[in-house]
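Visitor: Give the three-dimensional model of this entry:
(chains A and B)
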Amino acid sequence: MSQATVAGAGWKNEDGKMRTIYMDNAATTKLDSEVLKAMLPFLKSEYGNPSSMHALGIRAKNAVSASRRRVAEILGCGEEEIIFTGSGTESDNLAVLGYARKRGKGHVITTKIEHHAVLDAVKRLEKGGFGATYLDVDIDGLIDLKQLEAEIRPDTILVSVIYANNEVGTVQDIAAIARLCRKMGVVLHTDACQATNYLDIDVGRLGVDMMTLNGSKIYGPKGVGVLYKNKKYDIEPIVYGGGQEFGLRSGTENVANIVGFSKALEMVQLHKDKETGRVRELRDYLTDGLLKIEETRLNGHRTSRLANNVNVSFLNVEGESLILLLNEDGVCCSTGSACTSASLEPSHVIVALGLAHELGHSSVRFTLGKDTTRQDLDFVIQQTRKHVERLRRISPLKKTMEEVLS
Amino acid sequence: MADVKDKTEQWFYSETVKEHFLKPKNIATDDKMIERMRPNGEGEVGSPACGDVMKMWIRVEGERIKKCLWRTFGCASAIASTSMLSVMVTENGGMNLLDAEKLAPKDILKRLGGLPQVKIHCSVLGDQALRAAIRDYRGRAK
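Guide: The predicted model follows:
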């Protein structure tokens, strides 16, 4: 980034174009160029259908098999336990709906801070006669293992807990949750979409029975996900047809995306330790810089936290206004404000933490990635401070954090 | 090169909305501005829990709104629509109170070149605050 200079609003590169500072890696990540390179043949000459018996088909099938083997190696499971799907959402749906529907009835436990892909699937099960419990979280976003244990009933069939929360970055102790579930004889699914880049995803060490991954969060392509499913447990498909993916996800395999997924996962895994340390240091630098602005609060757990997540509420400042001003500076980030949703409700995650609605409306999420530099963060801190001060001057609200938190 | 087409494609709202959001008109950036305008009506609506609060000050002379200042805790749509509203009520020598009371969100939206459907609710606070300010003015005048 040495070639860039701060000029007026926004970083300018040497060519005079505004530099984009992408701080929304929890929404999606940039496709890695190595990943694209691995995918390209399957978007061009290698267009065969893996179900075909001719040479093109066999080569496509081999590519899918090799990708499955690679993913299984990284997760520490069998190849037959890896199901390629169309997204993280689809993997979550397949795990929750597929497992429950196979059993026909019973009770499912999840948390109030799940991604909607799990939350809405569980709500759908409730409409179909299943029981459901949504676990509370504390103010930092952690579930209480004792509450989980108390909520497990004789008819409980499935627990689904998000590994690292996409909004506030709180990381659950999945290994401890898994031990409890195993002891109680209940299957555990975890959505690890945000966790993949920075946390242990070895299913044996974690002890999870099902786990969701998403290509678009790991510098891989959009439109591909993985569900790891322990072979001991049968599930019902949610898509029917040609019987691909062990009959659990029909539809011609998206070969290029599958190849891209395995390549992306491989690269993330290879650099994980080093990159996690680097990003965590940057995260703390950004957090400290933003919290120096008055009347701010870090949302989510301070230490049991994703290495790339910073979620801060700037009191008396409406989140959408702030992110759109930052957008003018080339800074991309997101907000938990109601104003980005169709409802008037702020983020369900912020609400579940027990925080006042004001803090939800004023929350901004910065999620770092492999391109983030310290220089970027200095600019982000400087511009955020400037915009927060301006928006506060024009805000009729003059609340203090003390008032809002009491 | 930042040509216009390029810019439009990078922005969620219309160009007019963007302009009024980035450079809002008649916004009270400091208290002195409010003192100087000698307001004879003020109104506040909304609640922080709902995500929007709007406060408005007006200076009425001869049943016309001569000056209008405002503050908001609100999103880009709320800022832009109130900015536009403040222009509409003070332009051409000022809108008379009867017309100002009848101003509806759709009149503001028309001047803004529209808002995304989900954001239309954000544009209603400005005219509510204006009506509250007019009520306050009438109350004081009695």
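
Visitor: Flag the shaky bits of chain B, pLDDT-wise.
Guide: Across chain B, residues meeting the criterion (pLDDT under 70) sit at B:1-11, B:50.

Visitor: who in it is up against chain A?
Guide: Residues of chain B found near chain A (Cβ under 8 Å from any Cβ of the partner chain) are B:1-2, B:10, B:12, B:21-22, B:24, B:27-30, B:44, B:48-55, B:71-79, B:118-119, B:121-122. In this view, the C-beta of every residue, glycine as well, is placed from N, C-alpha and C.

Visitor: Remind me which helix or strand residue A:133 belongs to.
Guide: When secondary structure is defined using DSSP states H and E, the element that contains residue A:133 is strand A:131-135.

Visitor: Neighbouring strands of that strand in the sheet, and parallel or not?
Guide: Using DSSP bridges, the neighbouring strands of strand A:131-135 in the sheet come out as strand A:107-111 (parallel).

Visitor: Which elements pack onto the helix or strand just after the partner strand?
Guide: The element immediately downstream of strand A:107-111 (helix or strand, assigned by DSSP H and E) is helix A:116-127. Helix A:116-127 makes packing contacts with helix A:88-103, strand A:107-111, strand A:131-135, strand A:156-162, strand A:187-191 when contacts are defined by 3 or more Cβ pairs under 8 Å, 6 or more residues apart in numbering or on different chains; DSSP states H and E.

Visitor: that older thread, report the buried residues of the strand holding residue A:133.
Guide: Applying a neighbour-count criterion of 16 or more other Cβ atoms under 10 Å in any protein chain shown, one finds A:132, A:133, A:134, A:135 buried in strand A:131-135.

Visitor: Considering those residues, which is situated nearest to chain B?
Guide: Sorting those by distance to chain B puts residue A:134 at the head of the list, at 21.9 Å, by Cβ to the nearest Cβ.

Visitor: so where does the closest residue to residue B:45 other than its chain neighbours fall, helix or strand?
Guide: Leaving out its chain neighbours, the residue that sits closest to residue B:45 by Cβ to Cβ, 6 or more residues apart in numbering or on different chains is residue B:128, at 4.5 Å. If you go by DSSP H and E, residue B:128 is part of helix B:124-141.

Visitor: helices or strands next to that helix in the packing?
Guide: The helices and strands touching helix B:124-141, judged by 3+ Cβ pairs under 8 Å, 6+ apart, are strand B:41-47, strand B:52-61, strand B:64-73, helix B:76-90, helix B:97-102, helix B:105-112.

Visitor: just those: most buried one?
Guide: Highest mean neighbour count among those (mean count of other Cβ atoms under 10 Å in any protein chain shown): helix B:76-90, with a mean of 26.

Visitor: May I have the residues that are in contact with whichever residue of the stretch 151-300 of chain A sits closest to chain B?
Guide: Using Cβ to the nearest Cβ, residue A:295 is the residue of the stretch 151-300 of chain A that sits closest to chain B, at 13.0 Å. For residue A:295, the set of contacting residues under the criterion of Cβ atoms under 8 Å, 6 or more residues apart in numbering or on different chains consists of A:314, A:315, A:316, A:399, A:400, A:401.

Visitor: now those residues as CSV including pLDDT and neighbour count?
Guide: Output for the contacts of residue A:295, formatted as CSV (pLDDT from 0 to 100; neighbours: other Cβ atoms under 10 Å in any protein chain shown):
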residue, pLDDT, neighbour count
A:314, 96, 25
A:315, 95, 27
A:316, 93, 23
A:399, 87, 16
A:400, 89, 12
A:401, 88, 17
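
Visitor: hey, where'd the helices end up in the stretch 301-406 of chain A?
Guide: A:319-328, A:348-352, A:357-361, A:374-393, A:401-405 (DSSP state H, counting those that start in this stretch).

Visitor: do you know which of those lies nearest residue A:153?
Guide: For these, proximity to residue A:153 was assessed by Cβ to Cβ; helix A:348-352 is nearest, at 22.2 Å.

Visitor: what about residue A:148, neighbour count?
Guide: The burial metric for residue A:148, expressed as a neighbour count using other Cβ atoms under 10 Å in any protein chain shown, is 21.

Visitor: Give me the three-state assignment for it.
Guide: Reduced to three states with DSSP: H, G, I helix; E, B strand; the rest coil, the structure at residue A:148 is helix.

Visitor: Relative to residue A:130, how far out is it?
Guide: As judged by Cβ to Cβ, to the nearest Å, residue A:148 and residue A:130 stand 18 Å apart.

Visitor: Can I take it that residue A:289 is in a helix?
Guide: Yes. The secondary structure assignment for residue A:289 places it in a helix, going by three-state DSSP.

Visitor: Next, count neighbours for it.
Guide: Using other Cβ under 10 Å, residue A:289 is surrounded by 17 other residues.

Visitor: Look up the closest residue to it, ignoring the ones flanking it.
Guide: Skipping the residues right next to it in sequence, residue A:289 comes nearest to residue A:381 by Cβ to Cβ, 6+ apart, at 3.7 Å.

Visitor: same check, this time on residue B:48
Guide: In space, residue B:48 comes closest to residue A:358 once its chain neighbours are excluded; the distance is 4.6 Å by Cβ to Cβ, 6+ apart.

Visitor: separation between the one you found and residue A:346?
Guide: Remark: distance between residue A:358 and residue A:346 (Cβ to Cβ) = 9 Å.

Visitor: and what of residue A:70?
Guide: Distance check for residue A:70 against residue A:346: by Cβ to Cβ, it reads 40 Å.

Visitor: And these two? Which one has more around it.
Guide: Summary of the neighbour comparison: residue A:70 and residue A:346, criterion other Cβ under 10 Å, with residue A:346 having more neighbours (28 against 19).

Visitor: Name the nearest residue to the more buried one, ignoring sequence neighbours.
Guide: The shortest distance from residue A:346 to any non-neighbouring residue, by Cβ to Cβ, 6+ apart, is to residue A:360 (2.8 Å).

Visitor: Nice, that's everything, thank you.
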